[in-house]
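Q: sequence? don't have it. structure:
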C-alpha cells in the first residue's frame, strides 16, 4: 500500500496527464474514461508515476480535470481490472503493476549484466574506471587496510585521510576548507538524500532548475517536497534566467534551491561567477538554503587548460547558506560509491548524527582508494577522462547531424551528456521504441518536473568514441520507427503506448 511519501495531488496528476500522449484510435473516437485510464497506465509503465503512488480521490480528480465523477470512477475501475490500480475502502487507491508484468522501463538505471552484449545503453552517463590508476590505488589502499581493520570500521563523518584529501581539493579550487567541514557519504545520492532528509520537510518548497538531474527530482518528489521549477534561458547559450530566479526566490521563498552550476546535468551549461553571486545574494535575502551539486565540476573537457574554472559557489558569498555535494563517481568510477558534503561544521555534525540511522558509514576500503586517487594520480586521471569525453562529444557532433538533421543540441564545454532536441519527436516514444529494439534512451521528461521536455533526450558522452557511428545508426533507426509508428502497433486496450 502507498504511504504519504508518494501521494500525488490532483494538480500534479493533471499536469502529468497532459504529457501522456496516446495513439489516435483507428476508427471511432476513444471514450473519455478509456483515454484517462490509458494515460495513467502509460505514466506507470514509463516510470513517470511511481508504482505505489496514491492517486487523488475520484471527486478531487474530476474537479481538477473538469470531467464528470462517473468518467473518473470508470477509468479507475478499468485500471483496477487491468491490474494497474489497487483500492481499499477508506484508504484510497494507489498505482500497481499486473502480476507478472515487467517493472517500468528506466534508461537511467544500468543495463543488467546479462543484457550488456545485446543492448546499447544510451541512458546511463557514467565512465568506466580509469586504468591503471584505479587498480594501483586499490593495491595501495589494501596495504593500509590492516590499520583500520583493528577497529570497528564505523566512521560516520568519514575516514580522516579522505576528509583531509577532499578539503585540500576544495582549497586548491579556491574555497578554503578544513576536514571538519567535510562529511563522506555513500555516493552523491547518499549525500543528497541525507541533506534533503535533514533540511527539507514534507510540503516545503524546493526551487529547481528546469531541466535538472532526474534522480534528485524524483527523490525530492518522494520526500513530499513541492518542486518549483525555474526554466533555463537558452539564448544565446544555456544560462540561469536571473529574473525568474529573483521572482521565485522572492515570491515562493523556497526552503531550498537545488543547483548544478558546473557542467550541468543534462545540458552541460557552465554558469559564470557573476550569475552565481547574483543568485546567492537573492537566496540570502529570501532565507533560502542553496544546495549545490558539484558532482560534474571537474569535467571541463571543452575549457582551455589555461582558463580557470569558476570557483565553488560557497566561495562567493560566505554569508549565504550554501551546502555543497560532490562525488568521486563521475571523475573516477561510480563503483567506488563515494560522495561527500561540504557544509558548516555544525551541520556536518548534525548530518553525521542523522546518518547513523541509515547506513552508519561508508565502506572504508572505497574511501582509502578515493583518497589515493585525489593525491598524486589526480592530474593524470583527470586528463585521461577528459580526453575520452572530448573525443566522444566531437564524434557525436559530427555524426548526429548526418543521420538526424532536424535534431539540435548546444555543444557544451564539459559534463557527461548532450541535451538533444528531437525536432518534435516524443522522447518518451523514442525510449519506448528503443526499449523494444535494444537501445536504452533517457527521455527528456525524466529531467523536468511534471513531464516537461517531452521533445528532448539526453545522450551520454560515456560510450567509446569509436562506437559512436554505429550507436547513432541504431538511434536513427529507432527514431525512424518511432516517427512512422513502426513497431508500436499493439492496441491500447492491451498495452499502453507512447507516441
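A: Everything's here; your move. Remember, predicted model here, so these are calculated numbers, not experimental data.
Q: Buried residues, stretch 382-391. List them.
A: For stretch 382-391, a neighbour-count test (16 or more other CB atoms under 10 Å) marks 382, 385, 386, 388, 389, 390, 391 as buried. For every residue, glycine as well, the C-beta is placed using N, CA and C.
Q: Also stretch 203-221?
A: Buried, per 16+ other CB under 10 Å, within stretch 203-221: 204-221.
Q: Equivalent analysis for stretch 145-153, please.
A: residue 148.
Q: do the same with stretch 266-277
A: Neighbour-count burial for stretch 266-277 [16+ other CB under 10 Å]: 266, 267, 268, 269, 270, 271, 275, 276.
Q: who are the neighbours in contact with the last one?
A: Residues in contact with residue 276, defined by CB atoms under 8 Å, 6 or more residues apart in numbering, are 261, 310, 313, 316.
Q: same deal with the fourth one?
A: Residue 269 is in contact with 232, 237, 238, 239, 263, 410, 412, counting by CB under 8 Å, 6+ apart.
Q: quick one: it is in a helix?
A: No. With DSSP: H, G, I helix; E, B strand; the rest coil as the criterion, residue 269 is coil rather than part of a helix.
Q: Quickly note the distance from it to residue 383.
A: Noted for residue 269: a distance of 23 Å to residue 383, by CB to CB, to the nearest Å.
Q: burial of residue 179, as a residue count?
A: 18 (other CB atoms under 10 Å).
Q: Give me the pLDDT value at it.
A: Residue 179 is assigned 98 on the pLDDT scale.
Q: Residue 327 too?
A: Reading off the confidence values, residue 327 has pLDDT 96.
Q: again, but for residue 135
A: Predicted confidence (pLDDT) for residue 135: 97.
Q: Check which helix or strand it maps to.
A: Remark: residue 135 resides in helix 133-149, with elements defined by DSSP states H and E.
Q: Distance from the chain centre to that helix, please.
A: From the chain centre to the centre of helix 133-149 is a distance of 31 Å (CA atoms, centre = their mean, to the nearest Å).
Q: Just the buried residues of it, please?
A: Those would be 133, 134, 137, 138, 141, 144, 148, for helix 133-149 by 16+ other CB under 10 Å.
Q: Repeat that for stretch 299-312.
A: Buried residues in stretch 299-312, counted by 16+ other CB under 10 Å: 299, 300, 301, 302, 309, 310, 312.
Q: Can you tell me what sits against stretch 293-307?
A: Here stretch 293-307 has contacts from 173, 188, 192, 213, 216, 258-265, 270, 309, 312, 324-327, 329-331, 339, 382, 385-387, 389-390, 393, 411-416, using CB under 8 Å, 6+ apart.
Q: Would you mind giving me the PyMOL syntax to select the buried ones in those residues?
A: Only the buried entries of the contacts of stretch 293-307 go into this PyMOL selection, using 16+ other CB under 10 Å:
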select buried, resi 173+188+192+213+216+258+259+260+261+262+263+264+265+270+309+312+324+325+326+327+329+330+331+339+382+385+386+389+390+393+412+413+414+415+416
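Q: Strands - which of the contacts of stretch 293-307 land there?
A: Per DSSP state E, strands hold the following members of those: 258, 259, 324, 325, 326, 327, 339.
Q: Let me see the domain layout of the chain.
A: 4-95, 113-126+380-483, 133-375 (automatic domain parsing).
Q: all strands in the stretch 101-250 of the chain, in order from the N-terminus.
A: Ranges of strands within the stretch 101-250 of the chain are 120-122, 182-186, 205-210, 226-233, 239-240, based on DSSP state E, counting those that start in this stretch.
Q: So which of the ones you listed has the densest surroundings on average?
A: Highest mean neighbour count of those: strand 182-186, a mean of 26 (counted as mean count of other CB atoms under 10 Å).
Q: Please name every helix or strand in contact with that strand.
A: Judged by 3 or more CB pairs under 8 Å, 6 or more residues apart in numbering; DSSP states H and E, strand 182-186 is in contact with helix 160-172, helix 187-199, strand 338-342, helix 345-355.
Q: show me the contacts for residue 197.
A: Shown in contact with residue 197 (CB under 8 Å, 6+ apart): 223, 354.
Q: gap between it and residue 191?
A: Residue 197 is 11 Å from residue 191, by CB to CB.
Q: that older thread, can you redo the strands of the stretch 101-250 of the chain as JSON lines with mean pLDDT and distance to residue 283?
A: Formatted as JSON lines, the strands of the stretch 101-250 of the chain follow (pLDDT from 0 to 100; distance: least, CB to CB, whole Å):
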{"stretch": "strand 120-122", "mean pLDDT": "92", "distance to residue 283": "35"}
{"stretch": "strand 182-186", "mean pLDDT": "97", "distance to residue 283": "22"}
{"stretch": "strand 205-210", "mean pLDDT": "94", "distance to residue 283": "9"}
{"stretch": "strand 226-233", "mean pLDDT": "89", "distance to residue 283": "12"}
{"stretch": "strand 239-240", "mean pLDDT": "90", "distance to residue 283": "12"}
